[in-house]
Structure formats: C-alpha cells, structure tokens
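Enquirer: Sequence and computational prediction follow.
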Amino acid sequence: MSTSPTDSRDAFLRDPIVGPAAWSAPELAADGSWVQALDAGEVAEIDAAFRAAKARGLDYATVRKADFPLPKLAGKLAALLDQLESGRGVALLRGLPVQDYDDEDLRLLWAGIGTHVGPLLPQSLDGKLIRDVRDEASGKFAKHAPSTAEGSLTSTQKAQSNGPLRFHTDRADVLGLLCVRQAGAGGESKVVSAVTVRNEILKRRPDLHDLLCRPYWRTRETQDVGGGRKVYAMPVFGFRDGHFCTQYSRTFVEEAQRIDGVPKMTAAMDEALDLLAEVAEEQCHTFRLTPGDMVFYNNLVVYHGRTPFTDDPASRADRLLYRLWFAPAKTRPLPESYRETWGSTEPGAYRGGMMTGGASQAA
C-alpha cells in the first residue's frame, strides 16, 4: 500500500526514526566502520598529487578535482561519503602526515583531498574556502574583542576562541576538519546523533518535540549579508520525502531575540531548546583528534561541539584545524524552509555555505 506525503508527515511527528543514523554513544564507540586509516600507498599518492598541483602554481582556492587525482584513495572516499549520507553521519580518516608540510602547503593538500568529497563552499562573503579554527580571541592570534556589542561572542568568534562550543550544525551538507595541531590540554571533539536526540525528545516530551518541528526565528551571520542582520524562521527538526534533517545553532536563535520586531519565544520554546541541549550532552560521543586526522560530519543528521582548550605554543601545542564545507553529489532533499539560507532544497545541488553570487568551486 502506498504512503501519501501526509501519512509520512504524520508518522514523523509520532514515531521514532530507525536506521544507522540513530546511534547511541556506546554504539558509535564500538563501531569501527566510521573510522578508516590511510595506508602508505595512499599517503604517497596524496603527496604526489600535492606536489604536481603546487608545481603548476595552484593553491587551495584554485585546485580542482581533476588537478588532484587520487585513484588509490577512491574506494575509501566512496565509503566515507556513503557513511555520511546513508550511515552514521560521521566519518574519520586518519594518518595524513601533517608534520611533513608547512601550514600553507597543508591548505592546498587538504583542499585537494576535499574536492573528492564535493565542491567546496564559500565560508565568508569574500568567498574564502578554508577557515582556520584556532584561538583568535587571545594571544598572538587575537583578532577580535572577547564580546560583541550584544554582550556575547558571535558563532564564528566562538569557533575561533578557546572556549567550549555548544552543539550546533554548520550551513553545509558536509563539514570537514583537518587537525593540523592539537591543544596542550582540552579541545576534545563531541558529536551526537541528531536523530537520537530527536527520538529521545519525542519519547520524553512529545509536546516539546512538536515545538521543535515549528519555526524558530534566527539571524544570519553578519558576514553572510554584507554587514546587515537578517532574520528568518525555520524549524529545528525537518522532514521531506522520508528524510530527516536538522539545522540548529542556539546562538543564532538567541541573537534573533535581541532584534526589534522579532516575535518573542514562549517559555515552552525555550524549554524545548534546553531539553535538546540536555539530551545532546547525555547522548554524545567524545573523542580527541590527533594531528593528521580528518573528520567529516553530515550537518543534517549530527550535531557537533567542542570542549574548552588551553594552548601551549612553546611546545607547538597550539590547536589548529582547517575547516572545509562541501556540497557532495549524494545528498537528501530539504524542506522548503531551507531555501532561505541554502539556496536550493533539491538533492545533489550546490547549496549552503555563505552564498556570494559568484561562480561555484565546482569539479
């Protein structure tokens, strides 16, 4: 018997979601399928592709998939992409010898690998494709004050500080982080299945689950709208054509509440966000990236966060990750509410990122 879209929507509002994306922390810790390691031949292949691209004068902003052939690594990258879209929603590839390259060369090398995951998305209004994730709020990398006029760090500033990061998603189908250096202390990565969080909220408080399926007002990042702040509304939990999705950053919800004219959240809406944070902490898997690790998250099915950290620059233990955003070919359809910030809601589209109106970094 066929199921109508209305029937599917009704089932989403009342039934738990099952499948590999609905994992618990113990299950992920015991499951080695999401972790792969580079072998010597693959490392040599990556190095050869890097050296050829560099000799041609390419950099991280100009390298394309065709410029960076990786036939030996193709099998692992295909498994990684399948894990992200149809599996756990998180994948880890280990063993890149980052110590053999300087920081600038690593940008080219990382972007070259990244082109095999999908076209790279801009992360700023000027089209920057790689973001440094490091402590830029203090010390020699200080670039901004510890607080904004509103009294709190923006989402981007929080990522570029040494403080904790609450669970959130980035605005791209897939996020990739290359660990260049790890902190002297702290800086553990945290990941949780948003599907499991959603199922647990549905079980405990179906009334709050219902609210999370309704629109919350948010702000767009200032850099994404050319210096102006734009608000929009979309649910935390979404559903289309049998696929779950989520987009969530409490920071943007809180910022929207400080803008004149934005409807105020009810106490129940705030309680729903509190419960989401509580369940995410209960269900999360915590792990420590080591230099040479490449971790990938499907932002539509997992939330990620970070513990606070302390750098020790004297021993080169100053935490540095390189962040890429990807638009892979195999992705899920999105609800219409995503069009405001993602551009397209169709599967496999070049979507998300800080859309600048310029040409895409396509393969």
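Expert: Arrived safely, thanks for sending. Note that the structure is predicted; figures quoted are calculated from it, not measured.
Enquirer: what's stretch 93-106 in contact with?
Expert: 35-39, 43, 46-47, 50, 54, 76, 80, 109, 178-181, 290-296, 320, 322 (C-beta atoms under 8 Å, 6 or more residues apart in numbering). Bear in mind the C-beta positions are built from the backbone N, C-alpha and C, glycine included.
Enquirer: Now residue 46: phi and psi?
Expert: Backbone dihedrals for residue 46, given as degrees, to the nearest 10, come out at phi -60, psi -40.
Enquirer: One more: residue 184?
Expert: phi -60, psi -40.
Enquirer: Can you pull the poorly scored residue ranges out of this protein?
Expert: Applying pLDDT under 70 to the chain picks out residues 1-9, 135-161, 163, 221-229, 311-312, 314-317, 355-363.
Enquirer: now the helices: where do they sit in it?
Expert: Counting by DSSP state H, the chain has helices at residues 5-14, 25-30, 40-55, 74-86, 103-114, 155-159, 194-204, 206-212, 250-256, 267-283, 339-342.
Enquirer: now those helices in a markdown table, with distance to residue 240 and mean neighbour count?
Expert: What follows is the helices of the chain, written out as a markdown table (distance: least, C-beta to C-beta, whole Å; neighbours: other C-beta atoms under 10 Å):
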| stretch | distance to residue 240 | mean neighbour count |
| --- | --- | --- |
| helix 5-14 | 9 | 12 |
| helix 25-30 | 26 | 14 |
| helix 40-55 | 36 | 16 |
| helix 74-86 | 15 | 18 |
| helix 103-114 | 27 | 21 |
| helix 155-159 | 25 | 19 |
| helix 194-204 | 15 | 22 |
| helix 206-212 | 16 | 18 |
| helix 250-256 | 22 | 20 |
| helix 267-283 | 21 | 17 |
| helix 339-342 | 12 | 17 |
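Enquirer: closest one to residue 332 among the ones you listed?
Expert: helix 74-86 (7.1 Å; C-beta to C-beta).
Enquirer: Who are the packing partners of the closest one?
Expert: strand 35-37, strand 90-94, strand 294-298 (3 or more C-beta pairs under 8 Å, 6 or more residues apart in numbering; DSSP states H and E).
Enquirer: Which residues does the first one contact?
Expert: Outside of strand 35-37, the residues that reach it under the criterion C-beta under 8 Å, 6+ apart are 76, 79, 80, 91, 92, 93, 94, 95.
Enquirer: mind listing the strands for the stretch 101-250 of the chain?
Expert: For the stretch 101-250 of the chain, the strands defined by DSSP state E, counting those that start in this stretch occupy 131-133, 165-168, 174-181, 185-186, 189-193, 215-219, 231-235, 237-240, 243-246.
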